[in-house]
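S.K.: Using only what follows, build the 3D model:
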Amino acid sequence: MGSGITLQTSYAARARIAGTIRRTPTVASETLSIATGGDIRLKLENTQITGSFKLRGATNAVLSLSEAQRARGVVGVSTGNHGRGLAYAAAQAGVRCIICMSGLVPQNKVDGIKAQGAEVRIVGRSQDDAQVEVDRLVGEGMVMLPPFDHPDIIAGQGTVALEILEQAPDLQSVLVPLSGGGLISGVAMVMKAANPAIRVIGISMERGAAMHASLNAGKPVMVEEVATLADSLGGGIGMDNAHTFAMTRDLVDEIVLVTEPEIAAAIRHAYWQERQVIEGSGSVGIAALLAGKIDKPGRCVSLISGQNIDMSLHHRIISGEDVDVAAGVKNA
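M.R.: So this is what the prediction gives:
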């Protein structure tokens, strides 16, 4: 791939982060297996320490810094979960951390990052606006650790795939939430190295799926960032994307898009049938399965990427309310 991101770098990442992150369970879903005719399992990264898989890449990146880089401090732009993971990883390593994010990020995610000890700066209405402040801080000497397009981040996210392969060695397909591509690049790289026959399917929302639009265009493109229940999947992939665009293009077998009602149905299913609290972004694999959008899933693992949903919103959704985060609330 020319990027230096290999199966070996994910094995090295696993050894590096082992004392800091949690090995999460992969559990069978009887209800989804019956509904789809497949053998469906859920990889519960919503039970990770900071509530999402992002801790893996962030921890690997922070621990890979030189002493001189650690002394300068780290900065990142985030829709929430990367910021929370980076803040936690930096605090564990004794490194100063500033997280920049847009005004679209839910307050619970802002509060969660502040609780980890990081400084938060709210800038503009998009990740691109927040990136301007990141660039300014980098100009002052801080080290930027981006949410997805970075070799150490990707290798760290790939560690979740190493666990999945050990927990489900007979795997035929894996469903991975898709945004900027850091998670799916790491997962696909590991899966294809282990067994090229494993189908890697990226799942995104219909509203503002930047990687999907970019792959269709054959290059990174700007996509309007709009409100969605899958808020962690919002944002662009970066016009100067160095790694994840090519890795997603070359390694991912298929991309499936799900609607807002399908995401809401998946959140409800996860709560009432699987006893799991998951955010919209983490539910998209379940959404695709319930909607019949995964052809012949077979022995399939759906990666549940996070749990950091606003609990008042979660309560409305699981209570059956027809929630549209862009247009307000309609009667169920």
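S.K.: so who does the residue nearest to Pro151 when sequence neighbours are not counted touch?
M.R.: Once flanking residues are discounted, Pro151 sits nearest to Ile5: 5.1 Å by C-beta to C-beta, 6 or more residues apart in numbering. Glycine gets a C-beta too; all of them are placed from N, C-alpha and C. Neighbouring residues of Ile5 by C-beta atoms under 8 Å, 6 or more residues apart in numbering: Pro151, Ile154, Ala155, Gly158, Ser185, Gly186, Met189, His243, Met247.
S.K.: Show the buried residues in the residues you listed.
M.R.: Pro151, Ile154, Ala155, Gly158, Ser185, Gly186, Met189, His243, Met247 (16 or more other C-beta atoms under 10 Å).
S.K.: so what's the fourth one up against?
M.R.: Applying C-beta under 8 Å, 6+ apart, we find Gly158 in contact with Ile5, Leu7, Thr9, Ser10, Ala13, Ser185, Gly186, Val187, Met189, Val190.
S.K.: how many neighbours does the fifth one have?
M.R.: Pointing back at Ala13 there. As a burial measure, Ala13 scores 29 neighbours (other C-beta atoms under 10 Å).
S.K.: where does the stretch 51-200 of the chain dip in pLDDT?
M.R.: Across the stretch 51-200 of the chain, the ranges flagged by pLDDT under 70 are 79.
S.K.: please redo it, this time with the cut-off set to 80
M.R.: Along the stretch 51-200 of the chain, the model assigns pLDDT under 80 to residues 79-80, 106, 108-109, 127.
S.K.: roughly how far out does stretch 121-130 sit from the chain middle?
M.R.: Centroid separation for stretch 121-130 versus its chain: 19 Å, with C-alpha atoms, centre = their mean, to the nearest Å.
S.K.: my bad, stretch 282-296
M.R.: On C-alpha atoms, centre = their mean, the centre of stretch 282-296 falls 17 Å from that of its chain.
S.K.: same check, this time on stretch 216-228
M.R.: 17 Å.
S.K.: mind listing what's buried in that stretch?
M.R.: For stretch 216-228, the neighbour count (16+ other C-beta under 10 Å) marks Pro220, Val223, Glu225, Thr228 as buried.
S.K.: quick one: which of these is nearest to Glu30?
M.R.: Using C-beta to C-beta, Thr228 comes nearest to Glu30 of the buried residues of stretch 216-228, at 29.3 Å.
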